[in-house]
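# Prediction below, plus the sequence it came from.
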Amino acid sequence: MSVLLAIGTGKGLFLARSEDDRKSWELSGPHHPMTGVYGVGIDTRRATPRLLAGVTSSHFGPSVAVSDDLGVSWQEPDHAPLAFPEDTEKALVRVWQFAPGAASEPDVVYAGTEPQALFRSTDGGATYEMVRGLWDHPHREHWGAGFGGPAIHTVLPHPTDPQSMVVAMSTGGVYRTSDGGATWAPSNTGIKAYYMPDKYPEYGQCVHKVARDAGNPDRFYAQVHHGVYRSDDGGSTWQSIADGLPSDFGFPIVAHPRRGDVVYNFPLAADSRRHPVDERCRVFRSEDAGKTWQPLSDGLPSGPFYPSVLRDAMSADNADTVGLYFGTRSGEVYASRDEGDSWSLVASHLPDVLSVRAAVV
C-alpha cells in the first residue's frame, strides 16, 4: 500500500510517501518554495490522484497549482485560475480549502477562500467560478475576520446529494444550501459566541472547523472559539460535546472517514494560552459521537509540549485501517497507522505546518 502525505507549510509544500503501510516515510520538498500553502487537496476520484495546492507568494500573489503525477511536476496557468469578479471589488488573498464534489460529479471541485467566498470548478480544479448565491447573501457585509483572516475554511459537499453542502467560516459561522448554492441559510442555533452581546446570535460565530460524520451525513462536529459541538439534524441545531475534554478551545476536529460516531480533537488550554493543556501532547478520540473522550498519547512527546495544531493541520487517510496525521506550528509532523492508538514522528524542523492531507495512492 502506498500512502501520500501532503504537508502545507509557511514556506512551501512537502510530500511524504510511505510504501510499507506507513511504517517509514520518504520526504520530498519544498515544492513551491517560499509560498504559504494553506490549502491542500488530494482528489482520488480519478485514475491518477490529482494534487491541488493553494500557493501564496509574497512576490507573485496567490494561485492554484495542480499535479497529476503525485508531485513530480506541477501545472500553474499563466492566467489566474481563481479570481474574484470585477464587480465584487475584491481580490483573492489565498485559498484555504479544496473539497472534491460528490461521486456523481467527478470533475467538480470546490474551493473556499479569503476573503470569504466559495468557488466551483467543473474541470477538476484547473479553473473556478464564484458561487454567487453565497457571495450575495445579505449577511456577508457583516462577516468579520478571525485571527487567521476572513476565510471560508470548511467546505463539506454532501456525499450523495450534489445540491446539498455545508460551509463554515471565521467569522460568520456555519451556512448550508440544499439547492446547489443558489440560496444559503445560517446554521448556528445553539453555538455560543460568548464575546458578542447576543451570546447565541443567528450568525457571527468564530467557527474553527467542521467535520461530517461518516455513518450519518446529517451529523456534524464543530470546533469553535471556546466550544465543541455536534449537530444531529444537518446543522439546524447544535449541542455541546465538550464534557470530557480538558478544554473546549482548539482548532481542528476530524471525523473518522468510515466509522460513524468516531471523532478526533486536539484541545489547547485557552485562546490566551495556545498550547496543549498541561503542556501535554495529546489527541482525544470519541467513539460515541462526543459523549465520552479518550486521550491518545502513545509515541507522542512526553515532556512539556507547547506548539499548537492549526485547523487544517490534522487529517485522516482512507486506508483500510485509517491513519491519522497532525502537524505543529514548530514544524513536527506525527502519524498514527492504527487510528490514533500509537504515534510516530514523520518529519521535524519543517516550517510552520498550516495544512495536512493524506490518501492511499
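Nice, I can see it.
# Would you check that P100 makes contact with V155?
No - under the criterion of Cβ atoms under 8 Å, P100 makes no contact with V155, lying 9.8 Å away. Every C-beta, even on glycine, is put in place using the N, C-alpha and C of the backbone.
# which neighbours do these two share?
Taking Cβ atoms under 8 Å, 6 or more residues apart in numbering as the contact criterion, the residues that touch both P100 and V155 are Y110.
# And the helices in the stretch 101-250 of the chain?
In the stretch 101-250 of the chain, the segments counted as helices under DSSP state H, counting those that start in this stretch are 132-135.
# ok, and the closest non-adjacent residue to the residue most central in space within the chain?
In the chain, the residue lying closest to the centroid (Cα atoms, centre = their mean) is D312, at 3.8 Å. Once flanking residues are discounted, D312 sits nearest to S355: 4.2 Å by Cβ to Cβ, 6 or more residues apart in numbering.
# And for the one you found, the neighbour number?
Applying other Cβ atoms under 10 Å, we find 28 residues neighbouring S355.
# Please renumber the chain so that the first residue is 39 from this point on.
Let's use 39 as the start, then, which means that last one is S393.
# pLDDT averaged over the strand or helix carrying it - what is it?
Using DSSP states H and E, S393 sits in strand 391-398. Strand 391-398 carries an average pLDDT of 98.
# what's it packed up against?
Other helices and strands packing on strand 391-398, by 3 or more Cβ pairs under 8 Å, 6 or more residues apart in numbering; DSSP states H and E, are strand 41-47, strand 73-81, strand 352-354, strand 362-365.
# Export those as JSON lines, with columns for mean pLDDT, distance to F322 and mean neighbour count.
Putting the helices and strands packed on strand 391-398 into JSON lines (pLDDT from 0 to 100; distance: least, Cβ to Cβ, whole Å; neighbours: other Cβ atoms under 10 Å) gives the following:
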{"stretch": "strand 41-47", "mean pLDDT": "98", "distance to F322": "22", "mean neighbour count": "26"}
{"stretch": "strand 73-81", "mean pLDDT": "97", "distance to F322": "24", "mean neighbour count": "26"}
{"stretch": "strand 352-354", "mean pLDDT": "98", "distance to F322": "11", "mean neighbour count": "25"}
{"stretch": "strand 362-365", "mean pLDDT": "98", "distance to F322": "12", "mean neighbour count": "26"}
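# right, so of those, which gets closest to P295?
Ranking these by their distance to P295 (criterion: Cβ to Cβ) puts strand 352-354 first, at 5.3 Å.
# so what secondary structure elements neighbour that closest one?
strand 287-293, strand 301-308, strand 362-365, strand 391-398.
# After the shortest one, which helix or strand is next?
Just to be clear, that refers to strand 362-365. Next along the chain after strand 362-365, taking DSSP H and E as the criterion, comes strand 371-374.
# So what touches that next one?
Strand 371-374 is contacted by residues 43, 45, 54, 60, 63, 321, 334, 337-338, 361-365, 380-386, 388, 391, 394 when judged by Cβ under 8 Å, 6+ apart.
# C-terminal to that strand, what's the next element?
Using DSSP H and E, the helix or strand that follows strand 371-374 in sequence is strand 382-385.
# Could you identify which of the helices and strands packed on strand 352-354 is most buried?
The highest mean neighbour count among the helices and strands packed on strand 352-354, using mean count of other Cβ atoms under 10 Å, belongs to strand 362-365: a mean of 26.
# Please give the number of neighbouring residues around the nearest residue to T47 once chain neighbours are set aside.
Residue nearest to T47 in three dimensions, not counting chain neighbours: P389, with 4.0 Å by Cβ to Cβ, 6+ apart. P389 has 20 neighbours, counted by other Cβ under 10 Å.
# again, but for P339
Applying other Cβ under 10 Å, we find 17 residues neighbouring P339.
# List the residues that contact the closest residue in space to it that isn't next to it in sequence.
Once flanking residues are discounted, P339 sits nearest to C319: 4.9 Å by Cβ to Cβ, 6+ apart. If you count contacts by Cβ under 8 Å, 6+ apart, C319 has them with S335, L338, P339, F343.
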